[in-house]
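In: how does the following fold in three dimensions:
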Amino acid sequence: MSGEKNSPFEKVYESIKDVNAYLNRIGFDGKVIPSIDCLKELMRCHLMTVPFENLDVFHGHKEPSLEVDVMFEKIVIKRRGGYCFELNGLFSKLLEAVGFSVSSSIARIRFGRDFIPPAAHRVITVKIADKSYFCDVGFGGPVPLEPIEIAYDKVIELKGDRRYKFSREERGTTLLIEKDENFVPVLMFDDFTCDEADFIPLNAFCAYSVYEPFRKRQMLWKLTENGRYSIDGDVLRLSENGKTSEMRLATEAELRNAFEKYFGIVYEEELREWKCFQK
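Out: Sure, this is the predicted structure:
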């Protein structure tokens, strides 16, 4: 039997066709060279401009496409965000296009869980000289906000007093964060490199499974110069300079305005019920 021609699976391997448009989208105007300083700035720019969001899954009941051109259209042209398979997927393509050595791995979210959950996340490893750096622009949670070297059992302190370390486990590598004077697991990722097609079934699982949070409530997150903005269910949180304010998004107009004002998203699709905390 001959192979399937023009399969959408093949399109997850394509390259980015317009690097400059992507760099303009994230507001990067420096010189692009495969160095750690450049990687830090690319990651910072990405987190500041491209939000983590699950609107297509939650409101649209859609499985996000992992085809490179489709992700590019959504994130770069339409100025939307996405979740890990989209954000880390497209960001890895950008890094490859500008000369970085990049690999991606399957990961399991361990934060807040005392069991080994299903694999449902994608992370990036970037090799520069003889060092490997962990990168993640698609979590929306307590991962490092800049690339950090994968050096086992070494405590790494970042801006904001966040302290991390990596541990080598039988099943792979675990990223830990300090919490209440102890280091607790954030996520665990495999040490081998995955092909792009390996993320297709995981993406479908996250989009349709009742066991994953993406179908249960809307979630948005974006880094700012002095904090972060987030929406969890119907609660908008604005964190600036160590202070956090909250408000409930009670009407469709309030919700759509918050999408655009705080996350730069014009979402024109129909909304499903999002008010999780009824009074």
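In: hey, let's count contacts and neighbours off CA atoms from now on
Out: Fine.
In: where along the stretch 151-279 of the chain do the helices fall?
Out: 199-208, 252-263 (DSSP state H, counting those that start in this stretch).
In: okay, buried residues for the shortest one please.
Out: Buried residues in helix 199-208, counting neighbours by 16 or more other CA atoms under 10 Å, are found at 199-200, 202-203, 205-208.
In: how far out from the middle of the chain is that helix?
Out: Its chain's C-alpha centre and that of helix 199-208 lie 15 Å apart, by CA atoms, centre = their mean, to the nearest Å.
In: give the rounded mean pLDDT of that helix.
Out: The average pLDDT within helix 199-208 is 96.
In: same question, the longest one
Out: The average pLDDT for helix 252-263 rounds to 97.
In: show residues contacting that helix.
Out: Contact with helix 252-263 is made by 49-51, 220-222, 229, 236, 249, 265-267, 271, as judged by CA atoms under 8 Å, 6 or more residues apart in numbering.
In: cool, stretch 267-279 as well?
Out: 58-60, 217-218, 233-234, 249-250, 252, 256, 259-260.
In: of the helices of the stretch 151-279 of the chain, which is nearest residue 78?
Out: Closest approach to residue 78 among the helices of the stretch 151-279 of the chain (CA to CA): helix 252-263, 12.3 Å.
In: show me what counts as buried in stretch 90-109.
Out: 90-96, 100-109.
In: so how far is that stretch from its chain's centroid?
Out: On CA atoms, centre = their mean, the centre of stretch 90-109 falls 12 Å from that of its chain.
In: got a list of contacts for that stretch?
Out: 15-16, 19, 22, 32-34, 68, 71-72, 116-128, 137, 186-195, 199.
In: just these: which are in strands?
Out: Counting by DSSP state E, the part of the contacts of stretch 90-109 found in strands is 121-128, 186-189.
In: does residue 191 touch residue 169 like I think?
Out: No - in terms of CA atoms under 8 Å, residue 191 does not count as a neighbour of residue 169; the distance is 10.1 Å.
In: the two: which is more packed in?
Out: Shown here are residue 191 and residue 169; by other CA atoms under 10 Å, residue 191 has more neighbours (15 against 11).
In: excluding sequence neighbours, find me the nearest residue to the more buried one.
Out: Leaving aside its sequence neighbours, residue 191 sits nearest to residue 172 (CA to CA, 6 or more residues apart in numbering; 5.5 Å).
In: many thanks, I have nothing further to ask.
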